[in-house]
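**Student:** structure, please.
(chains A and B)
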Amino acid sequence: MDQERQKKAPIYDALKRFDKMRVVPFDVPGHKRGKGNPELVKLLGEDCVKLDVNSMEPLDNLCHPISVIKEAEELTAEAFGAAHAFLMVGGTTSAVQGMILSSVKQGEKIIMPRNMHRSVMGALVLSGAVPVYINPDCDERLGIPLGMRMRDVEQAVLDNPDAKAILVNNPTYYGICSNLKEIVRLAHAHGMRCLVDEAHGTHFYFGKTLPVSAMEAGADMAAVSMHKSGGSLTQSSLLLTGPQISPGYVRQIINLTQTTSGSYLLLSSLDISRRNLALRGEETFEKVIKMAEYARQEINEIGGYYAFSHELINQDSVYDFDMAKLSVNTLQMGLAGIEVYDLLRDEYDIQVEFGDLGNMLAYLSVGDRPRDIECLVGALAEIKRRFGKAETGLMKQSYIKPQVCCSPQKAFYAEKESLPLEQASGRVCSEFLMCYPPGIPILAPGERITDEILEYIVYAKEKGCSMTGTEDIEIKQLNVLKEEI
Amino acid sequence: MELWFSEMHTKNVKMSIRVDKQLYSGKSEFQRIDVFESPEFGRFLTLDGYMMLTEKDEFIYHEMITHVPMAVHPDVSKVLVIGAGDGGVIRELVRYPEIESIDMVEIDELVVEVCKKYLPQTACRFDDPRLSVYYEDGLKFIRRRQEEYDLIIVDSTDPFGPGEGLFTKEFYGNCYKALKEDGIMINQHESPFYQGDAEACQRAHKRIVETFPVSKVYQAHIPTYPSGHWLFGFASKKYHPLKDLDETRWNMRGLTCGYYTTMLHKGAFYIPGYVEEMLKDVE
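**Tutor:** Next up is the predicted model:
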């Protein structure tokens, strides 16, 4: 990476030049640099609304980049070690869709672990591809899904030689990494692509002690959430591609669903964040890891909590661990992770990323200060003192093996009927159901509803998990296929 | 030449003090530290531009934060002081012979060094053998203590900046845990007057009320603090600040004070109607 060249921020610079030109706007957006919407200016500030402009000659066009956006994408590709990078404005969801829609078509197979983000399932509904699920390994004590075991991936490849791609989520929300290099090797040996949902791994590209990144591992495509650990604005993201992928075709796929009015707030935030990461990423993430390590040590000292880390590494389903994540298991204290999540918010004004049945995740970043860590640790100690109890009656399970009956697309568009939850057992689901966050579906279209799943749903609702995805906003009804499969 | 120190008390209110000269200016890991010399208030210390103390009126703050609990609790032997890098609280505490040990936890060592050099009026008793000074985060220190102290004095800065964590519920909860079964916690409680301060004051009160069975607020008049009307919190597991006040015992000590008297002690808990209302709203 050429550090000198990485100091450039072409989109940002073009916006500054454009501002100085004092162009009279007779184009969209209609707020005309904020003049037409003073309340918005008051909220966001004049400097911000001034940047909210339309694609035009001096600022390039996201749908067909030829100047400053093209240059910004080239710099991004260089910074991330990719052959090509696409700046995305529809969140990492759009990057995931771009990967899947450009790799698997209607009826083609894609191998993947089932604990995937909803955006992957959504892309399968759009493309009509058929998922071949690999059950992730599970840690019974923590109640979390781990990575994929190599022998399971190998078996899936042998059983499905016609599959077009293997999709890996790396790292998981909890920081677990699979053996990415080996999966890439296996995929390529069988003429398959390796796609990586790297939503939680932007920092892997900028740290010495961090797990291997998708591009470094030789993956073909990776969806990278710059707005998570990368520091850009919410909804901005990156799609990276390797040397075997035609960027022109991927651009066509992206343009099928992407807005033609790409926001320059998002684009410039990607531009600046890339520069920042390229120039200062390494020291930044070293700091974050140090804070996470300190927090883990302090939290584990309280007792009752288990802030897990690289000791989980087993050379297979936990091939590596992302030390920048702060995942804490809460079961020994007699509290579900979601209960600790709620207590932190309601009692201590601390918002953490998510809580599931057995764990909570605090998201650490460059924006945290040591004293904020002290508040979090202090609050966790207080929660133990005030609310801790014997470890009984808590459900751990966080992964239920799915029974897939038909493709997500077929199920989603099939003739369906709405049934009360308790009557849905045995039927095939035609919609998604998940706790959000983390947004990993409990049920995806085409999967059989079982008593075990229903029990899990009732328990998670009871513990206060926020459930989404179904047509019925109260999650009392489920859409199922009319036809029995 | 006119040289003035100004502090914005709100966005629209400014207090200024004429300065003779600046004695010190430096930046620690946590904050900017300045010491000035002024004709009206003598020397004064500011942190990040906020007034901490002046030689002329510091006695009010330090007496009120120390002697009120000392006149209530019958037997204080172990004290924890959080913040207090200027040494004022320590100066008042060491006047009590029955106190056996004082732990002082200050996050910023440079504040203590600067005060020792430029503010000997307050930083004069750091050599007391009963005192142990710890330079670390108060929240971290107290997490490891349990039923250890008779009295905790929280002499913090405002709830923005390094003192932020000392206004949180987790901090008050940890203080509760660190106090013995009849322990008292006194805290700097902000001002009820200007809206921003009043909100901080309300929030702190809410969190303390939720943590301690006895939670009262008392006041003092501190000319160089915003509005001049300042509050302290008296939170306790057992003792009531008025019902358990032992005037005779305290007066027999023969301590001379500039502001505190046992008569004023009683009066200080009679707070203005609007303040009472404001606090009741969150109780």
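
**Student:** what parts of chain A come near chain B?
**Tutor:** A:298, A:302, A:347-349, A:370-371, A:374-375, A:377-379, A:381-382, A:385-386 (C-beta under 8 Å from any C-beta of the partner chain). From N, CA and C alone the C-beta is placed, and that goes for glycine too.

**Student:** filter those residues down to the buried ones, PyMOL style.
**Tutor:** Here is the PyMOL selection string for the buried members of the residues of chain A next to chain B, based on 16 or more other C-beta atoms under 10 Å in any protein chain shown:
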select buried, chain A and resi 298+302+347+348+370+371+374+375+377+378+379+381+382
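
**Student:** restricted to helices, list the residues of chain A next to chain B.
**Tutor:** Members of these lying in helices (criterion: DSSP state H): A:298, A:302, A:347-348, A:370-371, A:374-375, A:377-379, A:381-382, A:385-386.

**Student:** B:Gly273: which of the residues you listed is nearest?
**Tutor:** Of all those, B:Gly273 sits closest to A:Glu347, with 30.6 Å by C-beta to C-beta.

**Student:** spatially nearest residue to the closest one, not counting backbone neighbours?
**Tutor:** Distance criterion C-beta to C-beta, 6 or more residues apart in numbering or on different chains; nearest residue to A:Glu347, sequence neighbours excluded, is B:Lys169 at 6.2 Å.

**Student:** wait, that neighbour sits on B:Ala204?
**Tutor:** No: using C-beta atoms under 8 Å, B:Lys169 makes no contact with B:Ala204, being 9.6 Å away.

**Student:** and those two? Which one has more around it.
**Tutor:** Using other C-beta atoms under 10 Å in any protein chain shown as the criterion, B:Lys169 and B:Ala204 rank with B:Ala204 on top: 27 against 22.

**Student:** not counting sequence-adjacent ones, nearest residue to that one?
**Tutor:** Counting by C-beta to C-beta, 6+ apart, B:Ala204 lies nearest to B:Phe167, which is 5.3 Å off, once chain neighbours are set aside.

**Student:** looking at it, the one you found is touching B:Gln202, isn't it?
**Tutor:** No: B:Phe167 lies out of contact with B:Gln202 (C-beta under 8 Å); the separation is 11.2 Å.

**Student:** okay, those two: which has more neighbours?
**Tutor:** Between B:Phe167 and B:Gln202, B:Phe167 has the larger neighbour count (other C-beta under 10 Å), namely 24 against 17.

**Student:** tell me the spacing between that one and chain A.
**Tutor:** Distance, B:Phe167 to chain A, by C-beta to the nearest C-beta, to the nearest Å: 10 Å.

**Student:** and that residue, its phi and psi?
**Tutor:** The phi and psi values for B:Phe167, taken as degrees, to the nearest 10, are phi -120, psi 10.

**Student:** just B:Arg18 next, same as before
**Tutor:** Per-residue torsions, B:Arg18: phi -70, psi 140 (degrees, to the nearest 10).

**Student:** how about the nearest residue to it once chain neighbours are set aside, phi and psi?
**Tutor:** Spatial nearest neighbour of B:Arg18, chain neighbours left out: B:Trp4 (5.6 Å); criterion: C-beta to C-beta, 6+ apart. Main-chain torsions, B:Trp4, degrees, to the nearest 10: phi -130, psi 140.

**Student:** rewinding a little: between B:Lys169 and B:Ala204, what contacts are shared?
**Tutor:** Shared contacts of B:Lys169 and B:Ala204 (C-beta atoms under 8 Å, 6 or more residues apart in numbering or on different chains): none.

**Student:** around chain A, pick out the residues from chain B.
**Tutor:** By C-beta under 8 Å from any C-beta, the residues of chain B that approach chain A are B:137, B:139-140, B:143, B:162, B:164-165, B:168-171, B:173-174, B:177.

**Student:** switch the cut-off to 10 Å
**Tutor:** Selection of chain B residues close to chain A by C-beta under 10 Å from any C-beta of the partner chain yields B:29-30, B:107, B:136-144, B:146, B:161-166, B:168-174, B:176-177, B:203, B:207, B:210-211.
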